[in-house]
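Chemist: Build me a model from this:
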Amino acid sequence: MKITTLRYVLFPFILLCLCQNAIGADRVYLDITASETRKINMAIPYFQNKGLNQQSQVPGRELADILGRALVFHGIISLVPSTQYAGNQDADWKKLGADYSILGQYEIAAGNISLEMRLLDVAANEVIMGKSFSGSPQQKEQMLFKFCDSVIETLTGKPGIATSRIAFISGDRHAKEVYLTDILGTNFRQVTRHKHLTVSPRFVPGGSNLTYTSYHTGNQNLYITDLRQNKTTKVLSRRKGLNMAPAWAPDGRTMVLTLSKGGSPDLYLLDAGGEIIEQLTDRAGINVSPTFSPDGNHLVFVSDRSGKPNLYLMDMRTRKVARLTFEGSENAEPSWSPVEDLVVYSSLRDGVYQLFTLNPLRNDPPVQLTTDATYHESPSWSPDGNQIIFTKRDGNKKLIYGIMKNGSFQRRLFTLPGSQGYPQWSR
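Modeler: Numbers count the residues shown, from 1 in each chain. You can find the predicted model right below:
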């Protein structure tokens, strides 16, 4: 979605504060993944429109609520309940225990909405960041998400993930389609309409294109769709048999795909147009679920060459392969963090699939993230490498959950009818 008019305005006095801080000392950022870190207490009073009386501030409440939920999603923010200060912007933030507050103003005119937001450091009693946006009312979430990402970057040194997108599969036993949503589930979009079984959505680096496998022609073909346009879809691979779940190299120029054109499911290196460059595995069991390292030099995949599914590491420079997992009845669905050497995967332990992480380049033991007695499957990393989304069984349904990479803050992300699964985070 393109914002028709987007203005980033850093007010002069804010700029002065930032410059003074930069000159005086290096900013100390919060470690977003430290398990012992206390959450930041944030107050977000209702956004104000000076042209309206206090009883007419319904849009301001909605704007504050959306921004607050986006910040809480990051796992490091705790909101001071607005009931403690009636949503007013002139409250005593220090007395309320707030570390920071966000003061927002809005104006609706000529079919557009304008937002101005400032981040206040309560202890220092100074504004440390501010931005201004303008666009259509339908773009208010995008504006708030952009500001949210700037707040997270101000606090942690790394941009937030509010503007990222999540692809997933939803449907019933007759048809499953690909959908797209923002992190809060406020804007859903149906991507495919094949009225058949569709699986394994994968973002192409850059986020503008999405690949998936559909069975609607009778074969498991791989397709690519341009998310910037409707109905701009073409087939990438229609070879007989499997054309499944590509791992895109970080530069987006090549992908590793499971093909079974020779009978056995093997990994092949293809160019971005779907032409085969090289066969990477050759009848060494079933080989699926590849995932690239951030530098593109290594690949983790699943193979049952040892008798049951386990994770293996391939050096893409030498093509040498080494086994990674030795515990659990099955180890599957690996996903490599986009920012570090850490792989999350699903492991069958005592009849239940749990999530584990391991460093594929070291011999450290795996770390278990989940323990509750239900299935945890299809994990995928957030763009900043701090969170993981996955499919969780809830009775007969599959639902999408999120968790921090240290195993904390597990929660259901969306409330939708039916089942949802195979989530993939854009990068």
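
Chemist: hey, let's count contacts and neighbours off CA atoms from now on
Modeler: Will do.

Chemist: Which segments of this protein make up each domain?
Modeler: The chain is divided into the following domains under automatic domain parsing: 12-156, 166-425.

Chemist: Stretch 235-245: which residues count as buried?
Modeler: V235, L236, S237, R238, G241, L242, N243, M244, A245 (16 or more other C-alpha atoms under 10 Å).

Chemist: what distance separates that stretch from the centre of its chain?
Modeler: Taking C-alpha atoms, centre = their mean, to the nearest Å, one finds the center of stretch 235-245 at 26 Å from the center of the full chain.

Chemist: Report the backbone C-alpha coordinates of that stretch in CSV.
Modeler: The C-alpha trace of stretch 235-245 is given here as CSV (Å, rounded to 0.1, in the frame of the first residue of the first chain):
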residue,chain,number,x,y,z
VAL,A,235,4.1,-20.8,-13.0
LEU,A,236,7.8,-21.2,-12.0
SER,A,237,8.1,-25.0,-12.1
ARG,A,238,5.6,-27.5,-13.4
ARG,A,239,7.8,-30.6,-13.5
LYS,A,240,6.0,-33.9,-12.9
GLY,A,241,5.6,-34.6,-9.2
LEU,A,242,6.7,-32.4,-6.4
ASN,A,243,7.6,-28.7,-6.9
MET,A,244,7.7,-27.7,-3.3
ALA,A,245,8.7,-25.1,-0.7
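
Chemist: Quick check: mean pLDDT of that stretch?
Modeler: Mean pLDDT, taken over the full extent of stretch 235-245, equals 95.

Chemist: Same check on stretch 405-415?
Modeler: Rounded to a whole number, the mean pLDDT of stretch 405-415 is 94.

Chemist: Can you give me the end-to-end span of it?
Modeler: Separation of the first and last residues of stretch 405-415 by C-alpha to C-alpha, to the nearest Å is 23 Å.

Chemist: Report the buried residues of that stretch.
Modeler: K405, N406, G407, Q410, L413, F414.

Chemist: In those residues, find the pair that's most separated.
Modeler: Taking C-alpha to C-alpha as the measure, the buried residues of stretch 405-415 span a maximum distance of 21.5 Å, between N406 and F414.

Chemist: From the buried residues of stretch 405-415, pick the one nearest P365.
Modeler: Within the buried residues of stretch 405-415, the smallest distance to P365 is 14.8 Å, found for N406 (C-alpha to C-alpha).

Chemist: For my notes, confirm the closest one occurs in a strand.
Modeler: No. With the criterion set as DSSP: H, G, I helix; E, B strand; the rest coil, the secondary structure at N406 is coil rather than a strand.

Chemist: So it sits against L358, correct?
Modeler: No. Shown here, N406 and L358 do not form a contact pair, counting by C-alpha atoms under 8 Å, at 12.0 Å.

Chemist: And F326, how far from G307?
Modeler: To G307, F326 is 12 Å away according to C-alpha to C-alpha.

Chemist: Equivalent analysis for F203, please.
Modeler: In this structure, F203 and G307 are separated by 31 Å, where distance is defined by C-alpha to C-alpha.

Chemist: So between the two, which is more surrounded?
Modeler: F203 (25 against 8; other C-alpha atoms under 10 Å).

Chemist: got the contact list for S426?
Modeler: Taking C-alpha atoms under 8 Å, 6 or more residues apart in numbering as the criterion, S426 is in contact with S164, R165, I166, A167, F203, P205, G207, S382, P383.

Chemist: what pLDDT does Y212 get?
Modeler: So Y212 comes in at 96 (pLDDT).

Chemist: I meant to write A22 there.
Modeler: With respect to pLDDT, A22 has a value of 37.

Chemist: for the helix or strand harbouring S114, packing partners?
Modeler: S114 is part of strand 112-121 when elements are defined by DSSP states H and E. For strand 112-121, the helices and strands in contact under the criterion 3 or more C-alpha pairs under 8 Å, 6 or more residues apart in numbering; DSSP states H and E are strand 100-109, strand 126-135, helix 140-156.

Chemist: which secondary structure elements does the last one contact?
Modeler: Applying 3+ C-alpha pairs under 8 Å, 6+ apart, one finds that helix 140-156 makes contact with helix 58-73, strand 112-121, strand 126-135.

Chemist: okay, the ones you listed in TSV with mean neighbour count next?
Modeler: Below are these laid out as TSV (neighbours: other C-alpha atoms under 10 Å):
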stretch	mean neighbour count
helix 58-73	19
strand 112-121	20
strand 126-135	21
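
Chemist: do you know which of these lies nearest K397?
Modeler: In terms of C-alpha to C-alpha, the element of the helices and strands packed on helix 140-156 nearest to K397 is helix 58-73, at 23.2 Å.

Chemist: can you count the residues close to G157?
Modeler: For G157, the tally of surrounding residues (other C-alpha under 10 Å) stands at 16.

Chemist: who's in contact with stretch 250-265?
Modeler: Where contact means C-alpha under 8 Å, 6+ apart, the residues beyond stretch 250-265 that reach it are 204-206, 239-249, 266-272, 283, 285-290, 292, 294-296.

Chemist: before we move on, the earlier item: go through the buried residues of stretch 235-245 and say which is closest to D182.
Modeler: The shortest distance between D182 and any of the buried residues of stretch 235-245, using C-alpha to C-alpha, involves A245 and amounts to 22.2 Å.

Chemist: Starting from the helix or strand hosting that closest one, tell me which strands it pairs with and how they run.
Modeler: Following DSSP H and E, the helix or strand that holds A245 is strand 243-248. Strand pairing for strand 243-248, determined by DSSP bridges: strand 254-259 (antiparallel).

Chemist: now the strand it pairs with, how far from the chain's geometric center?
Modeler: With C-alpha atoms, centre = their mean as the basis, strand 254-259 stands 22 Å off its chain's centre.

Chemist: Could you do stretch 362-379 as well?
Modeler: Per C-alpha atoms, centre = their mean, the displacement of stretch 362-379 from the mean C-alpha position of its chain is 18 Å.

Chemist: Looking at that stretch now, give me its mean pLDDT.
Modeler: 96.

Chemist: hmm, who's touching that stretch?
Modeler: Counting by C-alpha under 8 Å, 6+ apart, stretch 362-379 makes contact with 333-335, 344-346, 352-359, 388-394, 405-407, 421-424, all of which sit outside it.
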